[in-house]
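Q: no letters, just coordinates:
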């Protein structure tokens, strides 16, 4: 019965709206189901048909999503983000937006250098917020990327809801990353709706505006449990081979006590104030690197689940903070 209904719905769309049938996705059963679902949430059928019927598959998006930078080893990933230009530009961004960064840090309890580093890693402080059409990207990924169909279908739904909430007349007007992330902090649609704030109080939540981006990044970290002034990670010294049993490769929540690490031949080259810890192994330029990470490191991975991403943010933040302190 469901298949018959979807077939009839497809015929109805293609015959009664032939002027809109120039795209790739209207014949897809998944698109028909999606339109039905969104209609049930209050969107008009005509609006949805107009929105999706001319969207073409973006093969470039499918290529990019299958080869993310996080797939590189740490030795090649780190040089992308820890550069003199990115450090110097981060200091400049901090100096230009001192008032907003200080206010966000105080209000949300998030270290200012972390806020700056996130924006630095994500978009080079707004230099590159992405040129991909967000609607086309999310539609392509929802319809033609089976590996994460559920996730991107959900993000496409959130995107339409976000467009409606922000009273944006044209859903195809916004640009972002190949995965549909937007603004200086590269929020996906669900994060935009959940964590973005109107930090400059102008009546709009605009993550392309530095003030709103700064406040929203800080809010995101606060909501995920960032501990202001808390440690993030320290180098580890390894003895023996038992450490391999506890290496954290998936950025899961820290679960090991200090004594457990020591029992596996792991000693900290510094102090961490987290009750539970994780052991991270990275392929560095000079061989394997080992780090012990705590709660704040885990919070960074809530922004991007890659441990390499979190380490890049942390190391960039340290370098920017050193430059900032040297100004005083």
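A: That came in fine, so what should we check first? It should be emphasised that the depicted structure is a prediction, and the values quoted were computed from it without experimental measurement.
Q: how long is stretch 257-277 end to end?
A: End-to-end distance of stretch 257-277: 6 Å, with C-alpha to C-alpha, to the nearest Å as the criterion.
Q: please apply the same query to stretch 53-61.
A: Across stretch 53-61, the terminal residues are separated by 19 Å (C-alpha to C-alpha).
Q: now swap in stretch 166-181 and tell me
A: With C-alpha to C-alpha as the measure, stretch 166-181 spans 16 Å from end to end.
Q: buried residues, it. List them.
A: Across stretch 166-181, burial judged by 16 or more other C-beta atoms under 10 Å covers 171, 174-181. In this view, the C-beta of every residue, glycine as well, is placed from N, C-alpha and C.
Q: that stretch: how far from the chain's middle?
A: Remark: stretch 166-181 is offset 15 Å from the chain centroid, using C-alpha atoms, centre = their mean, to the nearest Å.
Q: and if you look at stretch 30-42?
A: Using C-alpha atoms, centre = their mean, the distance from the centre of stretch 30-42 to the centre of the chain it belongs to is 26 Å.
Q: list the buried residues for that stretch?
A: Within stretch 30-42, the residues scored as buried using 16+ other C-beta under 10 Å are 31-32, 34-35, 38.
Q: residue 257: which of the residues you listed is nearest?
A: The closest of those to residue 257 turns out to be residue 34 (C-beta to C-beta; 46.4 Å).
Q: show me the buried residues of stretch 166-181 that map onto strands.
A: Judged by DSSP state E, those include 175-176 as members of strands.
Q: got TSV for the buried residues of stretch 166-181, with distance to residue 133 and pLDDT too?
A: As requested, the buried residues of stretch 166-181 are exported to TSV (distance: C-beta to C-beta, whole Å; pLDDT from 0 to 100):
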residue	distance to residue 133	pLDDT
171	10	96
174	8	97
175	6	97
176	8	98
177	11	97
178	10	96
179	12	96
180	9	97
181	13	98
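Q: of the buried residues of stretch 30-42, which is the nearest to residue 240?
A: residue 34 (53.1 Å).
Q: next up, the contacts around the closest one.
A: Residues in contact with residue 34 (C-beta atoms under 8 Å, 6 or more residues apart in numbering) are 142, 153, 156-157.
Q: tell me if I'm right that residue 168 and residue 174 touch.
A: Yes. Between residue 168 and residue 174 a contact is recorded at 7.3 Å, counting by C-beta atoms under 8 Å.
Q: so where's the chain uncertain?
A: When residues are selected by pLDDT under 70, those of the chain lie in 1-21, 328.
Q: which helix of it spans the most residues?
A: Ranked by residue count and defined by DSSP state H, the top helix of the chain is helix 307-326.
Q: next, the buried residues of that helix.
A: Along helix 307-326, these residues count as buried under the neighbour rule (16+ other C-beta under 10 Å): 307-317, 319-321, 323-324.
Q: secondary structure and distance to residue 25 for the buried residues of stretch 30-42 - can I get that in CSV?
A: As requested, the buried residues of stretch 30-42 are arranged in CSV below (DSSP: H, G, I helix; E, B strand; the rest coil; distance: C-beta to C-beta, whole Å):
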residue, secondary structure, distance to residue 25
31, helix, 5
32, helix, 10
34, helix, 9
35, helix, 10
38, helix, 14
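Q: which of these sits closest to residue 264?
A: Nearest member of the buried residues of stretch 30-42 to residue 264, counting by C-beta to C-beta, is residue 34, at 47.6 Å.
Q: distance check, the closest one against residue 166.
A: Distance of residue 34 to residue 166, computed by C-beta to C-beta, to the nearest Å: 21 Å.
Q: go on, residue 176?
A: Counting by C-beta to C-beta - residue 176 and residue 166 are separated by 14 Å.
Q: could you do residue 185 as well?
A: Per C-beta to C-beta, residue 185 is found 16 Å from residue 166.
Q: with residue 35 instead?
A: Using C-beta to C-beta, residue 35 is found at 21 Å from residue 166.
Q: ok, which stretches of this structure are strands?
A: Using DSSP E, strands in the chain cover 132-133, 175-176, 233-238, 266-268, 278-284, 287-293.
Q: which residues touch the nearest residue to residue 131 once chain neighbours are set aside?
A: Leaving aside its chain neighbours, residue 131 sits nearest to residue 175 (5.4 Å; criterion: C-beta to C-beta, 6 or more residues apart in numbering). Contacts for residue 175 (C-beta under 8 Å, 6+ apart) come out as 129-134.
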